[in-house]
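this one's structure only:
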């Protein structure tokens, strides 16, 4: 699958087949994650892979928006001891978000379905995941990626809305609705 095609085909999948995802495939997704760009090459990411049914149940029980039947969860975390220091210390969020996006695209390219479940900055979610996974204070769970073989298929798409594209400078007087319809056929 071409990269652009995988990007357009990447959709949030919330229904999965009862089929195990192989460890080699999970490792491929993690390699893709760590190929993401990172501020000053800090690489603050760490990953907790959950593929045991009991632990998955506990995680899904703690996160109301994660209650799907995926056989694998990858919790993407930022380790503050590895993160960029100083005024850019919050760049760990961007670094780990880029890693998550790479996982999502690699999963699509591998014939898997996935959905990104946000954890940070909702404190109740952060504390629940940290407690469940025995995380130290300096490790913060950013999000969970649920992964499995999809039991549903969604049409490829782009949500490009040309009303939200500015050339050379921002035009503050431009009027458009919060959710203008994307221009169909533009990829």
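Alright, I've got the coordinates. The structure displayed is predicted, hence computed values, not measured ones.

Can you tell me the number of residues neighbouring residue 37?
Residue 37 sits with 10 neighbouring residues when counted by other C-beta atoms under 10 Å. Placement of C-beta: from N, CA and C, glycine included.

Can you check which strand is longest in this protein?
When the chain is parsed with DSSP state E, its longest strand is strand 139-148.

okay, the angle between the biggest helix by length in the chain and strand 139-148?
Longest helix in the chain by number of residues (criterion: DSSP state H): helix 91-109. Relative orientation of helix 91-109 versus strand 139-148 (axes from the mean of the first three to the mean of the last three C-alpha atoms, to 10 degrees): 10 degrees.

which other residues reach helix 91-109?
Here helix 91-109 makes contact (C-beta atoms under 8 Å, 6 or more residues apart in numbering) with 1, 3, 6-7, 9-11, 28-30, 32-39, 42-45, 74, 76-78, 80, 83-84, 113-114, 116, 120, 140, 142-143, 145, 147.

Just the buried subset of those residues, please.
6-7, 9-11, 28-30, 32-33, 36, 38-39, 42-45, 74, 76-78, 80, 83-84, 113-114, 116, 120, 140, 142-143, 145, 147 (16 or more other C-beta atoms under 10 Å).

Out of these, list just those in helices.
Short answer: the buried ones among the contacts of helix 91-109 in helices (DSSP H) are 6-7, 9, 28-30, 32-33.

would JSON lines of those residues with pLDDT and distance to residue 97 be doable?
Formatted as JSON lines, those follow (pLDDT from 0 to 100; distance: C-beta to C-beta, whole Å):
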{"residue": "6", "pLDDT": "96", "distance to residue 97": "18"}
{"residue": "7", "pLDDT": "97", "distance to residue 97": "15"}
{"residue": "9", "pLDDT": "97", "distance to residue 97": "20"}
{"residue": "28", "pLDDT": "98", "distance to residue 97": "20"}
{"residue": "29", "pLDDT": "98", "distance to residue 97": "15"}
{"residue": "30", "pLDDT": "98", "distance to residue 97": "16"}
{"residue": "32", "pLDDT": "98", "distance to residue 97": "14"}
{"residue": "33", "pLDDT": "98", "distance to residue 97": "11"}
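
Max pairwise distance over these: which two?
Distance extremes for these: the farthest pair is 9 and 30 at 20.8 Å, using C-beta to C-beta.

Report whether the expected contact of residue 43 with residue 82 is present.
Yes - Residue 43 is in contact with residue 82 according to C-beta atoms under 8 Å; the separation is 6.5 Å.

what's the neighbour count on residue 55?
The number of residues packed near residue 55 is 14, by other C-beta under 10 Å.

Report the rounded mean pLDDT for the strand or helix carrying it.
For residue 55, the host element (DSSP states H and E) is helix 53-62. For helix 53-62, mean pLDDT is 97.

Could you list the buried residues of that helix?
Of the residues in helix 53-62, those buried (16+ other C-beta under 10 Å) are 56, 59-60, 62.
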